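Here is a sequence together with a model predicted from it:
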Amino acid sequence: MVHRYFSRIIFIISFLFFPRFSYQHQQTPQPQIVIDDLGRTVTIVQPLKRVVSLAPNITEILYAVGADSILAGVTDYCDYPQQAKQKPHMGGMINPNIETIVGASPDLVLMSVEGNSRLDYEKLEKLSIPVFATNPRTVEGVLKSILDIGKLTGTSPAAEHLVAELRSQRDSISKIYKQRQHPRVLVIFSITPLMVAGNGSFVNELITDAGGMNLGAVGKGSYPLFSREEILRLQPDEIILTSDIAFSPDQLIQQFPEWRTLHAIQRNTVSIIDASLISRPGPRVIKALAQLAQIIHK
């Protein structure tokens, strides 16, 4: 009798304190389906544990949405935020080290259509490594990339909050500056050859939002090549150089002495902007917009 009593007590205690596997179903991870900017359907079983970024703007997005803890590798050019420099390097953007990427055992590789090569994309696919491609060509495209990466990495709430803030900031800046005069602006990304921001680039949209008129929009392509004579003919009111091609406006005169007659040179409206800020379609895109607006309307 006593034996049966204690047996019953032990059974009740074990029932309360030990997992009831026979009564619970194991939850299986739900697949996340996202369409990338190449129109491919990418299916990811979350949660991801290891992600490799092959573009600086993608790395910035991963940090901005709080997914940096699963970032297993970056390119040699991923330098923002500072912590990104400490991540394992996978090589350059156009020449990533495929063996190093494979050795990192990624659940997903994030690539950029503009910065990475089709050949590397195909190599990774042949190795059965999931690849997601981004190709933001407008400000909305940048915001879409943030939302997509949020879905893929299980950080959608943070991504949605960030996008809402960026949209609000963009609207505020655009309302202020679109009502003002529209100076003729030229953003130069390369001096030899002369390459400027064109109509198909997100920078063109930033210039317009900042209340400027992009002279580079008359060229063909996202980043058209101009001759020095064409720029003399266009007569920009404002010239903006990226920091990776010049550290002083005087360098422009040294390279092109005939440009002394340009309105921008005579009016001393040649400025320099952080190259990583203006060239990366990432979460700092609205900060780039704010700086452009200040430069154009100073």
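That came through fine.

With only the CA atoms kept, save the longest helix belonging to the chain in CSV.
When the chain is parsed with DSSP state H, its longest helix is helix 156-177. Provided in CSV are the C-alpha atoms of helix 156-177 (Å, rounded to 0.1, in the frame of the first residue of the first chain):
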residue,chain,number,x,y,z
SER,A,156,11.4,42.4,-40.0
PRO,A,157,10.2,44.6,-37.1
ALA,A,158,13.5,46.5,-36.9
ALA,A,159,13.6,46.8,-40.7
GLU,A,160,10.0,48.1,-40.9
HIS,A,161,10.7,50.6,-38.2
LEU,A,162,13.8,51.8,-39.9
VAL,A,163,12.1,52.2,-43.3
ALA,A,164,9.2,54.1,-41.7
GLU,A,165,11.7,56.6,-40.2
LEU,A,166,13.6,57.0,-43.4
ARG,A,167,10.4,57.6,-45.4
SER,A,168,9.4,60.3,-42.9
GLN,A,169,12.8,62.0,-43.0
ARG,A,170,12.8,61.9,-46.8
ASP,A,171,9.3,63.5,-47.0
SER,A,172,10.3,66.3,-44.6
ILE,A,173,13.5,67.2,-46.5
SER,A,174,11.8,67.0,-49.9
LYS,A,175,8.9,69.3,-48.8
ILE,A,176,11.4,72.0,-47.6
TYR,A,177,13.8,72.0,-50.6
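
partners of the helix or strand that that helix is followed by, with directions?
Scanning forward in sequence from helix 156-177 by DSSP states H and E, the next helix or strand is strand 184-190. On the basis of DSSP bridges, the sheet neighbours of strand 184-190 come out as strand 195-196 (antiparallel), strand 213-214 (parallel), strand 238-242 (parallel).

List just the one of those that sits closest to Gly91.
Closest of those to Gly91 is strand 238-242, at 23.5 Å (criterion: CB to CB). For every residue, glycine as well, the C-beta is placed using N, CA and C.

next SSE after that closest one?
helix 250-255.

quick one: buried residues of whichever helix or strand comes after that next one?
As assigned by DSSP H and E, the chain's next helix or strand after helix 250-255 is helix 263-266. Of the residues in helix 263-266, Ala264, Ile265 count as buried by neighbour count, 16 or more other CB atoms under 10 Å.
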